[in-house]
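> need a 3D model of the following:
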Amino acid sequence: MQEHSHQLAAIIFADIVGYSAMMQDDENSAVEKINRFRETVELITSELNGKIVQYYGDGSLLLFNSSTDAVEFAKLLQEDLAEPPEIPVRIGIHMGDVLIHNENVFGDVVNIASRIQAMAPAGGIYISEMVYRNIANKKEINSAFVKEETLKNIKVPVRIYEVFTNGNQVSDQPEKLSESVVNSEIANSIAVLPFSNLSSDPEQEYFSDGLTDDIITQLSKIKAYKVISRTSVTQYKKTPKSIKEIGKDLGVGLILEGSVQRSGEQLRITAQLINSITDEHLWADSYDRLINDIFSIQREVALAIASVLNTKLSKKETQQLDYIPTVNLQAYDFYLRGKLLVEKRNKADLLVARDLFQQAVTKDTSFANAYSGLADTYLLSSFRGYEDPVKMLWLAKKNIDIASGLDPFSGETQATLGYWYYQNFDWHAAEITYRRSIELNGNQSNVYLWLAILLEAKGEHEEALKIYDLGSEVNPMWDFLLQNRIRALANNNNKDEAIKLQNKLIDKAAHEHELQRLRYSELSRLYWSFNDKNEAIAAAEKANNKGLIKFYKEGDNKLLVNEVDKHYEELKKRSEYISQLWMGLDYANAGAREKAITCFNNAIALKESAISLLLIRDYLFLNIKFLNIALITRKIKLLINF
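Sure, this is the predicted structure:
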């Protein structure tokens with residue numbers, strides 16, 4: 001070694017915990033332990049081409065040329081010393097530029113490694129973020145974020161991680177909840193409220209919404225938690241309701257809220273966890289980082305919550321939290337915008353979302369979730385009759401194949417693949433794939449919806465209701481899920497529960513008058529399906545639906561049919577694609593039986609993706625009984641691989 005040189009190196013401090021007490025209790029035993037400690041250090045160091053810089057009392061200072069070798073040394077040392085008679089050792093590792101002079105090492109790297117080692121628990125290995133970044137993708141090394149700490153005489157705060165060995169688990173962290181709180185039922189149910197956009201640019205609202213969604217996704221990777229989906233918490237943006245009221249609405253005991261302020265490349269995020277039953281603040285933190293650190297922040301928030309709730313993470317969960325979907329922030333930006341638009345399900349927003357996802361995959365050709373999102377726009381457009389299903393399904397599969405190749409264990413991609421199987425009438429494969437998707441990511445309310453619809457159409461009504469219930473646990477306020485669940489309840493002759501849920505939708509639309517009128521019309525049809533004419537008329541009057549009122553009172557459906565005729569005449573004038581199935585559904589809702597049946601037969605001939613909906617009784621239909629379309633349902637079943 002040169003007398004005076006600089007070198008990039010990983011520095012390790014390792015010392016025996018409580019050695020002075022050992023000496024006082026049994027001097028001979030203590031000497032035996034320190035001799036064993038040094039012999040083991042020397043053996044492992046020589047095998048991994050490291051260097052023992054010095055021994056100091058009950059510890060040692062070592063140098064390795066790589067972070068991987070340093071961490072491997074630490075793991076082997078701890079695992080060996082965990083064997084009886086156990087020697088409690090704590091280890092700290094940092095990496096950076098060191099000055100080597102006369103066989104000694106100097107620099108901030110040495111000081112930081114020493115400070116990190118002093119914080120490690122007995123039997124533990126603490127590393128800096130510099131080391132963590134070098135070993136994060138090593139499958140054989142399992143690690144987790146611990147905390148960010150300001151170290152003595154070090155200007156910049158240091159993020160500290162723990163490396164796990166076969167003998168240790170996540171170490172205890174400060175500021176934990178009391179056992180009584182941790183062991184209560186609130187510890188596994190969380191709602192993440194929409195993060196407030198504090199940026200001067202209101203256009204950044206999508207970014208705060210996207211961050212909310214991503215933190216929900218991160219938390220949902222931890223199996224111990226029930227996390228409410230974003231579509232159910234969106235209504236609480238700028239709500240006057242208290243935390244206690246929101247917790248009661250959503251059936252959760254924990255609320256995470258926060259804010260985002262973005263200015264150019266700078267980002268400030270605050271977050272706090274609150275017990276919604278007691279209103280007690282359990283944890284809070286703020287993050288001032290560059291925008292390219294966004295994924296680390298999301299991960300740290302999830303780990304901080306796991307820590308404060310005393311949740312032990314499995315190796316698989318830790319690896320999933322480490323996953324970074326893209327390194328291109330422009331691609332991520334496009335993805336966030338597209339993801340939020342897809343939820344709206346209407347044609348205009350789906351087309352814009354498609355363009356955004358396309359820009360995302362152009363920026364980063366390895367962005368699996370963006371390809372999956374792109375495929376979803378084609379599948380939703382196919383199923384909802386917005387565009388030619390043959391073309392849509394081909395384009396969807398093309399993007400699903402790319403996404404699957406990039407990340408075969410993505411729950412989102414498996415969900416999309418299941419939806420593709422369903423629309424291609426391979427229900428056997430669809431059901432298997434949906435269930436696999438839920439195993440990979442149990443927080444996807446859309447998959448519960450798709451699986452429940454499939455089961456309903458197969459005639460497995462009780463199982464379908466169970467799946468709707470599971471979906472409602474993670475997304476209790478999602479309109480699409482509630483509407484389909486209402487239909488399932490009605491088909492099971494559960495009138496009271498169906499009407500109760502429909503009234504819930506009406507209350508939810510209190511500030512959207514047109515939507516509320518539509519919800520009253522649906523309630524009216526629900527009453528009509530149960531032969532409750534008076535209540536049906538009363539609800540139709542609240543909806544101000546003259547067509548329904550005239551039909552109920554006089555049996556005349558001309559107003560309803562004329563409205564459908566007018567709608568499709570306008571679509572033809574604009575040369576827009578017209579789905580025979582969805583046109584048939586509109587005519588069925590208007591009570592035009594012959595027109596509806598003609599459209600349904602045309603849709604079967606064209607093998608439109610959504611014709612399987614006709615296998616489920618629909619209370620929205622007027623003048624059409626299930627027996628009227630018995631031949632149609634037989635034709636559809638012949639197309640399906642059950």
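> now do the closest residue to residue 129 other than its chain neighbours against residue 273, distance only.
Nearest residue to residue 129, sequence neighbours excluded (CB to CB, 6 or more residues apart in numbering): residue 159, at 4.2 Å. Backbone N, C-alpha and C define where each C-beta goes, glycine included. Computed as CB to CB, to the nearest Å, the residue 159 to residue 273 distance reads 20 Å.
> and those two? Which one has more around it.
residue 273 (23 against 16; other CB atoms under 10 Å).
> check contacts around the more buried one.
Contacts for residue 273 (CB atoms under 8 Å, 6 or more residues apart in numbering) come out as 254, 255, 256, 281, 282, 283, 284, 305, 308.
> mind running it again at 7 Å?
254, 256, 282, 283, 305, 308 (CB atoms under 7 Å, 6 or more residues apart in numbering).
> now the closest residue to the second one other than its chain neighbours. Its backbone dihedrals?
Going back to what we said before, that points to residue 256. Computed as CB to CB, 6+ apart, the closest residue to residue 256 that is not its neighbour in sequence is residue 192, at 4.6 Å. Dihedral pair for residue 192: phi -100, psi 110, per degrees, to the nearest 10.
> give me the element the residue most central in space within the chain is part of.
Nearest to the geometric centre of the chain sits residue 217, at 2.0 Å (CA atoms, centre = their mean). Assigning secondary structure by DSSP states H and E places residue 217 in helix 205-220.
> what helices or strands is that helix leaning on?
Applying 3 or more CB pairs under 7 Å, 6 or more residues apart in numbering; DSSP states H and E, we find helix 205-220 packed against strand 189-192, strand 196-197, strand 226-227, helix 230-233, strand 254-263, helix 294-308, helix 329-342.
> what's the angle from it to strand 254-263?
Calculated by axes from the mean of the first three to the mean of the last three CA atoms, to 10 degrees, helix 205-220 forms an angle of 140 degrees with strand 254-263.
> out of the helices and strands packed on helix 205-220, which gets nearest to residue 409?
Nearest of the helices and strands packed on helix 205-220 to residue 409, taken as CB to CB: helix 294-308 at 17.8 Å.
> any idea how far stretch 387-403 is from the chain center?
The chain centroid and the centroid of stretch 387-403 are separated by 24 Å under CA atoms, centre = their mean, to the nearest Å.
> domain ranges for this protein?
Structural domains annotated on the chain: 4-163, 179-322, 558-639, as defined by automatic domain parsing.
> including mean pLDDT and distance to residue 425, could those go into JSON lines?
Below are these laid out as JSON lines (pLDDT from 0 to 100; distance: least, CB to CB, whole Å):
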{"stretch": "domain 4-163", "mean pLDDT": "86", "distance to residue 425": "39"}
{"stretch": "domain 179-322", "mean pLDDT": "83", "distance to residue 425": "28"}
{"stretch": "domain 558-639", "mean pLDDT": "94", "distance to residue 425": "5"}
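> same list (the ones you listed) but as CSV, adding distance to residue 335.
Output for the domains of the chain, formatted as CSV (distance: least, CB to CB, whole Å):
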stretch, distance to residue 335
domain 4-163, 22
domain 179-322, 8
domain 558-639, 25
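> quick one, which of those domains gets closest to residue 401.
With CB to CB as the criterion, residue 401 lies closest to domain 558-639 of these, at 18.5 Å.
> show me what contacts the closest residue to residue 333 other than its chain neighbours?
In space, and not counting its chain neighbours, residue 333 is closest to residue 207: 7.6 Å by CB to CB, 6+ apart. By CB under 7 Å, 6+ apart, residue 207 lies in contact with 260, 262, 336.
> ok, and the closest non-adjacent residue to the second one?
Put plainly, it is residue 262. The shortest distance from residue 262 to any non-neighbouring residue, by CB to CB, 6+ apart, is to residue 199 (4.8 Å).
> name the SS class of the one you found, please.
coil (DSSP: H, G, I helix; E, B strand; the rest coil).
> hmm, it is touching residue 266, no?
No. In this structure, residue 199 is not within contact of residue 266 by CB atoms under 7 Å, at 10.4 Å.
> more crowded one of those two?
residue 199 (18 against 11).
> from residue 207, how far out is the more buried one?
8 Å.
> so what sits against both of those two?
Counting by CB under 7 Å, 6+ apart, the residues touching both residue 199 and residue 207 are residue 262.
> stretch 298-318: end-to-end distance?
13 Å (CA to CA, to the nearest Å).
> that older thread, state whether the residue nearest to residue 129 is indeed within a strand.
Yes. According to three-state DSSP, residue 159 belongs to a strand.
> give me the helices and strands touching the strand or helix carrying residue 78, please.
Using DSSP H and E, residue 78 sits in helix 67-81. For helix 67-81, the packing partners by 3+ CB pairs under 7 Å, 6+ apart come out as strand 4-16, helix 27-47, strand 89-101, strand 125-128, helix 129-135, strand 158-163.
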